[in-house]
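Engineer: here's my sequence, what's the structure:
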Amino acid sequence: MVYREHEPTPALSRYVECVWTLDSPTGTNSHRVSPDGCLDIVYDRAHGLRAIGTMTTEQHFHFPRGAQLAGIRFRPGMARIFLGVSSAELTDASLPLEDLWSTRARELQRRLDDADSIQHASQILLKNLPAPAATPNPPQQAIESLAAANGNADLDLIAHHANLSPRQFRRRCLEETGLTPKRLARVLRFRHACRIADGPDRPNWSDIALAAEYFDQPTSSAISISSPARLRWPFFPIPDPAAPLNIEP
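Structural biologist: Residues are numbered from 1 along each chain as shown. This is a model prediction of the structure:
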């Protein structure tokens, strides 16, 4: 299975984390994907265009031989600008992009189906994502700050800087990311730990816990339950409809 990421255009870099492709010439029976706080638009040559919501638990996906996918991964809190729907409606779910973009999605899929490679399809996907007309609003800026801090931030202070009460920020964070602020912070911190674990230096788990600011047993258990081989954050693929979807608590 070959997975590649590419940077978005400068105009979209504040909103889009990456454009990615996946090519699975041999297939895989159970690929683990952990939450990362992001939403994706995914094109699958077999199943078309879908919007993939934020996940709250690790999921397993089956890829048949020859599966090819391309996707756009939005930064936490930025997908709603493009999808036009509350991210909370997509949490742990996926939706045909046509349900959100109507004719525009059908026209885009025709172009993607005509692409001569999955790499070309990813370029078409990015090219057809318009630059937003406005800059992020205060709640989105607050989520942006939380993501920049890898989840290690005072949530009440972040809400205050956005001129929101903690209750208002909780509601807006759900709308923008599909997760509550506390859950998003936990996911972002765990994602940071996974990236450290996957780095070339291969630090030990004590160093990882320190770098990710896991200072007590309840929080450090989030990384201790997974073996190093499981800590990967490659993509938000969509499942084969014929295969069962396994969700771990």
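
Engineer: what ranges do the strands span in the chain?
Structural biologist: 2-6, 16-24, 28-33, 40-44, 48-52, 59-63, 67-74, 94-96, 246-247 (DSSP state E).

Engineer: how many neighbours does Cys18 have?
Structural biologist: 20 (other Cβ atoms under 10 Å). In short, each C-beta sits where N, CA and C put it, glycine included.

Engineer: so what sits opposite it in the bridge?
Structural biologist: Arg73 (DSSP bridges).

Engineer: would you mind measuring from it to Met1?
Structural biologist: 17 Å (Cβ to Cβ, to the nearest Å).

Engineer: between the strands of the chain, which one is closest to Ala193.
Structural biologist: strand 28-33 (15.8 Å; Cβ to Cβ).

Engineer: give me the sheet partners of that closest one and which way each runs.
Structural biologist: Sheet pairing for strand 28-33, using DSSP bridges, gives strand 59-63 (antiparallel).

Engineer: now mean pLDDT and distance to Gln109 too, for the strands of the chain, in TSV please.
Structural biologist: TSV is the format used below for the strands of the chain (pLDDT from 0 to 100; distance: least, Cβ to Cβ, whole Å):
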stretch	mean pLDDT	distance to Gln109
strand 2-6	90	21
strand 16-24	93	17
strand 28-33	76	23
strand 40-44	95	7
strand 48-52	96	5
strand 59-63	81	20
strand 67-74	94	12
strand 94-96	95	10
strand 246-247	32	28
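
Engineer: among these, which comes closest to Ala105?
Structural biologist: That would be strand 48-52 among the strands of the chain, by Cβ to Cβ, at 5.7 Å.

Engineer: show me what contacts Ile72?
Structural biologist: 8, 16, 18-20, 40-41, 125-126, 129 (Cβ atoms under 8 Å, 6 or more residues apart in numbering).

Engineer: highest neighbour count among these?
Structural biologist: Neighbour max across the contacts of Ile72 (other Cβ under 10 Å) = Ile41, 28 neighbours.

Engineer: just for this protein, where's the confidence low?
Structural biologist: Along the chain, segments meeting pLDDT under 70 span 199-249.

Engineer: domains in it, as residue ranges please.
Structural biologist: 2-134+234-247, 138-230 (automatic domain parsing).

Engineer: and the residue nearest to the spatial centre of the chain, its phi and psi?
Structural biologist: In the chain, the residue lying closest to the centroid (Cα atoms, centre = their mean) is Cys38, at 2.6 Å. As for Cys38, its main-chain torsions (degrees, to the nearest 10) stand at phi -110, psi 160.
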